[in-house]
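A.B. asks: Build the 3D model from these lines:
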Amino acid sequence: MSVSEMIFNALTLVGGLAFFLYGMNVMGDGLTRLSGGRLERVLERLTDNRIKAVLLGAAVTAVIQSSSATTVTVVGFVNSGIMKLGQAVGVIMGANIGTTVTSWLLSLTGIESSNLFVRLLKPSSFTPVLALIGIILIMAAKSEKRRDTGSILIGFAVLMFGMETMSGAVEPLADVPEFTGILTAFSHPFLGMLAGLLLTAVIQSSSASVGILQALCATGSLPYATALPIIMGQNIGTCVTAMLSSVGASRNARRAALVHLYFNIIGTTVFMLVFYGLNAILHFSFMGQPAGAVGIAFIHSCFNIGATVILLPFSKGLEKLSLLTVREDEREREEQKEKRMFANLDVRFLDTPALALEQCKRSADEMAELTKKNMSLAMKSVGDYREKNHIKLEKTEKLIDQYEEQITEYLRKISAHILLEQDSQRVSLLLYCIRDFERIADHACNIMNQAKKIAKSRAEWPKKTVEEMEGYMDQVQRILEVTVSFFVSGDLAAARQIEGMEDQIDRTNKEVKKQNMKRIKKEKCAPEIGIFINELSINFERVADHCENVAMFFLENGDTE
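C.D. replies: As a prediction, this is how the structure comes out:
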């Protein structure tokens, strides 16, 4: 082969790799958007059983075509306290099994037969049709889901085209002695593992690195003696993504990433010791034979399934090993307690906007509950003011302000990742609602300040006035309770009640002010009481207005789920 041919083949190989990685990215993004974060939520809720966790981890990874994405999501769940470390272990093991599905899909490129039916199974035969369907869906479909389906089909077609291109580019290298010499060097178990580890660490995808390895099979110069240690190294290299994502996270999140690393290191070590020990005695004949794409997929699957079967009974041991590696003292426990307050807003979830919004909604729910709690404390203080309650309210108010800032900033980050209109609507809904909850919390502070002034004045309130104000406060507390309830639960029927409740509060407000003016004119109560009632009524009415705003936004956007 001439130098010019080698250069052009190298360029073709690089181009094929670019198509391959781009296709994998497009297909993965399409699958993630189509799932709408539902798969990740299933992971979160159904991991109480180790075997179930493994199966779910495998299923989710097989669908979204990325063990790294699954593992990073799990690290995020552990960081936010949603998932316990023990639950994460099974999912991580399952993710390693699920990622082998990609290698089986890629092995279809190696199909060779004169039989028409068998030839139709070869990607080069059917991917052009998939690409045509995909582009039609993207250009003509109005539904977001259909466009996402089109992206998946286009991504798969580009992925397979890249695979075919890489295979075609490296095939002539079979006649280049220098190339076969390099491959032979990687037959050394340690060098092969190191090569697989580095390749996967750089491109951060074991599926992609296995695909590259399968493309090299086209040369016929890649023996199993070389392929096997490279595959082992790839399993360790895929841990890099999770390890990077755990930097700056909670200690439990770092432990989850370490469980992934330990699982692959221990599994690889055991496999290599046993396999090469047996090879030294039995001298496996297939080691010198050229590796095929199907053979690589088979080894990849056998290792990951075998490692899971062997290490699953020792999952508690992996958990303890990670706990020994990352220890925790009292001071750090306190720091983590503070961090967990906003741990739902984890940057790891941003690549899946629907899931990130789900996490953001949880924080918004917490903010709404704190607002209701503060309002209840403020109402209770009218007529029974206590300084300790005032301090408690102010502390919670600062926390509510923090929630608004953190959620707003997180929603801004989500917006940069959003492609679906329904997700954009949810962002707007949450932004509007947290703003109203923050304003309600401000009114709770105003009511508490009025309660303090009332306590200092020592003015005697007419019994009738007290009864009217207690009835008014009950209505305000009730509308806020219903508002927080439907916001958290997503109950549209409850949201529709708010308008009628707000109208009743408006009528009560007018009546209270009317009766207040009559008593002041008739000198049946002190003028300062009239001022207190007026100030309280203003805040009560505005609380009801903000509740109505939340209900309107909620109903206009349909549902937050």
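
A.B. asks: hey, let's count contacts and neighbours off CA atoms from now on
C.D. replies: OK.

A.B. asks: tally of neighbours for I310?
C.D. replies: Residues lying near I310 (other CA atoms under 10 Å) number 13.

A.B. asks: pretty sure it is in a helix, no?
C.D. replies: Yes - residue state for I310 (DSSP: H, G, I helix; E, B strand; the rest coil) corresponds to a helix.

A.B. asks: Look at it and report its pLDDT.
C.D. replies: If you check I310, the pLDDT there is 92.

A.B. asks: any idea how far it lies from G267?
C.D. replies: Distance, I310 to G267, by CA to CA, to the nearest Å: 8 Å.

A.B. asks: cool, and A441?
C.D. replies: Taking CA to CA, one finds A441 at 54 Å from G267.

A.B. asks: So for those two, which residue has more residues nearby?
C.D. replies: It is A441, of A441 and G267, that has more neighbours when counted by other CA under 10 Å, with 29 against 21.

A.B. asks: ok, now which ones touch that one?
C.D. replies: The contact partners of A441, taken as CA atoms under 8 Å, 6 or more residues apart in numbering, are 371, 374-375, 397, 400.

A.B. asks: In the stretch 451-561 of the chain, what residue spans correspond to helices?
C.D. replies: In the stretch 451-561 of the chain, the helices defined using DSSP state H, counting those that start in this stretch lie at 463-489, 492-495, 498-521, 527-556.

A.B. asks: Quick check on P462: phi, psi?
C.D. replies: phi -60, psi 140 (degrees, to the nearest 10).

A.B. asks: That one is in contact with C525, isn't it?
C.D. replies: Yes - between P462 and C525 there is a contact at 6.6 Å, judged by CA atoms under 8 Å.

A.B. asks: Compare these two (neighbour count), which wins?
C.D. replies: When P462 and C525 are compared for neighbours, C525 comes out ahead with 19 against 13, by other CA under 10 Å.

A.B. asks: F487 versus that one, what's the distance?
C.D. replies: Distance, C525 to F487, by CA to CA: 40 Å.

A.B. asks: Could you do S207 as well?
C.D. replies: 41 Å.

A.B. asks: where in the stretch 1-150 of the chain is pLDDT low?
C.D. replies: 1-3, 28, 31-32, 34-48, 64-65, 80-82, 109-124 (pLDDT under 70).

A.B. asks: again with the stretch 351-500 of the chain
C.D. replies: Counting by pLDDT under 70, the stretch 351-500 of the chain shows low-confidence ranges at 418-419.

A.B. asks: Swap in 90 and give it another go.
C.D. replies: For the stretch 351-500 of the chain, residues meeting the criterion pLDDT under 90 lie at 351-359, 362, 383-384, 414-428, 454-469, 489-494.

A.B. asks: and the residue nearest the centre of the chain, what does it touch?
C.D. replies: Centroid-nearest residue in the chain: F349, 3.2 Å away (criterion: CA atoms, centre = their mean). Applying CA under 8 Å, 6+ apart to F349 gives the contacts 73, 76, 355-356.

A.B. asks: ok, and the most crowded of those?
C.D. replies: G76 (29 neighbours).

A.B. asks: Contact partners for it?
C.D. replies: So G76 contacts 253, 346, 348-349 (CA under 8 Å, 6+ apart).

A.B. asks: Quick check: next helix or strand after the host helix or strand of it?
C.D. replies: Assessed by DSSP states H and E, G76 sits inside helix 67-80. Helices and strands here follow DSSP H and E; after helix 67-80, the next one along the chain is helix 85-98.

A.B. asks: which secondary structure elements does that following helix contact?
C.D. replies: helix 50-64, helix 67-80, helix 251-282, helix 293-311, helix 315-325 (3 or more CA pairs under 8 Å, 6 or more residues apart in numbering; DSSP states H and E).

A.B. asks: at 7 Å what do you get?
C.D. replies: In terms of contacts (3 or more CA pairs under 7 Å, 6 or more residues apart in numbering; DSSP states H and E), helix 85-98 is packed against helix 50-64, helix 67-80, helix 251-282, helix 293-311.

A.B. asks: Which of those has the highest mean neighbour count?
C.D. replies: helix 67-80 (a mean of 27; mean count of other CA atoms under 10 Å).

A.B. asks: Would you mind getting the angle between that one and helix 50-64?
C.D. replies: 130 degrees (axes from the mean of the first three to the mean of the last three CA atoms, to 10 degrees).

A.B. asks: a helix runs through the residue nearest to the centre of the chain, doesn't it?
C.D. replies: Yes - counting by three-state DSSP, F349 is found in a helix.

A.B. asks: so what's it scoring on pLDDT?
C.D. replies: So, for F349, pLDDT stands at 81.

A.B. asks: Distance-wise, check it relative to E421.
C.D. replies: 18 Å.

A.B. asks: How about I92?
C.D. replies: As judged by CA to CA, I92 and E421 stand 32 Å apart.

A.B. asks: And for the helix or strand containing L132, what's in contact with it?
C.D. replies: Taking DSSP H and E as the definition, one finds L132 inside helix 123-140. The contact list for helix 123-140, computed with CA atoms under 7 Å, 6 or more residues apart in numbering, reads 108-109, 120, 146-147, 150-151, 153-154, 157, 160.

A.B. asks: sorry, back to before: could you save the helices of the stretch 451-561 of the chain as CSV and add columns showing mean neighbour count and distance to I454?
C.D. replies: Shown next, in CSV, are those (neighbours: other CA atoms under 10 Å; distance: least, CA to CA, whole Å):
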stretch, mean neighbour count, distance to I454
helix 463-489, 18, 12
helix 492-495, 16, 34
helix 498-521, 16, 16
helix 527-556, 19, 7
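
A.B. asks: Export the ones you listed as CSV, with columns for distance to I281.
C.D. replies: Below are the helices of the stretch 451-561 of the chain laid out as CSV (distance: least, CA to CA, whole Å):
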stretch, distance to I281
helix 463-489, 64
helix 492-495, 70
helix 498-521, 79
helix 527-556, 70
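
A.B. asks: Can you say which of the ones you listed is nearest to N9?
C.D. replies: helix 527-556 (57.4 Å; CA to CA).

A.B. asks: show me where pLDDT drops low in the stretch 151-300 of the chain?
C.D. replies: For the stretch 151-300 of the chain (pLDDT under 90), the answer is 151-153, 155-192, 195-223, 225-227, 234-235, 237-257, 282-294, 297.

A.B. asks: residues touching A494, list them.
C.D. replies: 482, 486.

A.B. asks: Now for A141, how many residues are close by?
C.D. replies: For A141, the tally of surrounding residues (other CA under 10 Å) stands at 14.

A.B. asks: distance of it from H443?
C.D. replies: For A141, the distance to H443 - CA to CA - is 48 Å.

A.B. asks: which ones are touching G248?
C.D. replies: By CA under 7 Å, 6+ apart, G248 has no neighbours at all.

A.B. asks: Need the phi and psi values for it.
C.D. replies: Dihedral angles (degrees, to the nearest 10) for G248: phi 80, psi 0.

A.B. asks: picking that back up, among the helices of the stretch 451-561 of the chain, which comes closest to K52?
C.D. replies: That would be helix 463-489 among these, by CA to CA, at 27.5 Å.

A.B. asks: Which one's more surrounded, I92 and E421?
C.D. replies: I92 (31 against 10).

A.B. asks: isn't that one right next to L55, touching?
C.D. replies: No - look at I92 against L55 with CA atoms under 7 Å: they stay out of range, at 10.3 Å.

A.B. asks: Do you know the pLDDT at F342?
C.D. replies: 74.

A.B. asks: That one: what's its closest spatial neighbour, skipping adjacent residues?
C.D. replies: Leaving aside its sequence neighbours, F342 sits nearest to S363 (CA to CA, 6 or more residues apart in numbering; 7.1 Å).

A.B. asks: Just the element for that neighbour, please.
C.D. replies: Using DSSP H and E, S363 falls in helix 353-381.

A.B. asks: Next secondary structure after that helix?
C.D. replies: Counting by DSSP H and E, what follows helix 353-381 is helix 387-415.

A.B. asks: That following helix versus helix 353-381: what angle between them?
C.D. replies: Taking the same axes, to 10 degrees, helix 387-415 and helix 353-381 form an angle of 160 degrees between their directions.
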